[in-house]
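S.K.: The following block contains a protein sequence and its predicted model.
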Amino acid sequence: MVREKERYLLHPAIIVHYDITPSKQASLPRYLYHQATFRPTPVHSVNLAGQTAIVTGANSGIGFEVSRQFLDLGLTRLILAVRDEAKGAAAVQKLALKPDGIKRESAATVEVWKLDSFDYGSVLSFAKRAKRRWRDSTSLC
Ligand SMILES: NC(=O)c1ccc[n+]([C@@H]2O[C@H](COP(=O)([O-])OP(=O)(O)OC[C@H]3O[C@@H](n4cnc5c(N)ncnc54)[C@H](OP(=O)(O)O)[C@@H]3O)[C@@H](O)[C@H]2O)c1
């Protein structure tokens, strides 16, 4: 089956087009080519003011980068859901600075909440805490 020109909607302002077949996309040459050449389109046209986001695995890797980009887009409240709160606190320090080391101009509130997704009790506690706290629009990444 060929999935050509499918559109993946990540956000009303962000549409990603995949115009190659899955088998070609998953091939090793394609993977290597993509790693070397892909440059994501910077997103500027989204304003997340007034929004709250919970980002899991936020102290490193993709979660950290998503957190950074959310703050760049004006997010009002960011919850870093991490299993190690010391690492979470370190991530908060890093997020306070832009990549060039200059302090970020952001009025966002950034909080660290404990979440170990291997521990069902921790997941339940996290969910209860979030439920108590908000009933407004929240993104989960
Ligand atoms: N679909 C794709 O194309 C694609 C591409 C790349 C990555 N991914 C996936 O995206 C995820 C993140 O990738 P990454 O490269 O950012 O990985 P990473 O740098 O290893 O980050 C993983 C994050 O998850 C946290 N984490 C791990 N186990 C956890 C647990 N039990 N409870 C709570 N947090 C936990 C880690 O916290 P600690 O620092 O405490 O370990 C870390 O913050 C992975 O699942 C990866 O497989 C998908």
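M.R.: Nice, thanks for sending it over.
S.K.: Spatially central residue for the protein, please.
M.R.: Compute the mean C-alpha point of the chain, and by CA atoms, centre = their mean the closest residue is residue 66, 2.9 Å away.
S.K.: Neighbours of residue 36, how many?
M.R.: 7 (other CB atoms under 10 Å). C-beta here means a position set from N, CA and C on the backbone, and glycine is covered the same way.
S.K.: can you give me how far the helix or strand where it lies is from the chain middle?
M.R.: Assigned by DSSP states H and E, residue 36 belongs to helix 28-37. When distances are taken as CA atoms, centre = their mean, to the nearest Å, helix 28-37 is centred 23 Å away from the chain's centroid.
S.K.: Show the subsequent helix or strand relative to that helix.
M.R.: strand 52-56.
S.K.: Give the rounded mean pLDDT of that following strand.
M.R.: Mean per-residue pLDDT for strand 52-56: 95.
S.K.: Can you name every helix or strand that it contacts?
M.R.: helix 61-72, strand 77-82, strand 138-140 (3 or more CB pairs under 8 Å, 6 or more residues apart in numbering; DSSP states H and E).
S.K.: Please work out which of those is packed deepest.
M.R.: When these are scored by mean count of other CB atoms under 10 Å, the highest mean neighbour count falls to strand 77-82 (a mean of 24).
S.K.: ok and that strand relative to helix 61-72, angle-wise?
M.R.: For strand 77-82 against helix 61-72, the angle by axes from the mean of the first three to the mean of the last three CA atoms, to 10 degrees is 170 degrees.
S.K.: Rounded mean pLDDT for strand 77-82, please.
M.R.: 96.
S.K.: what's in contact with that strand?
M.R.: 51-59, 63, 67, 70-71, 88, 91-92, 95, 108-115, 126, 130 (CB atoms under 8 Å, 6 or more residues apart in numbering).
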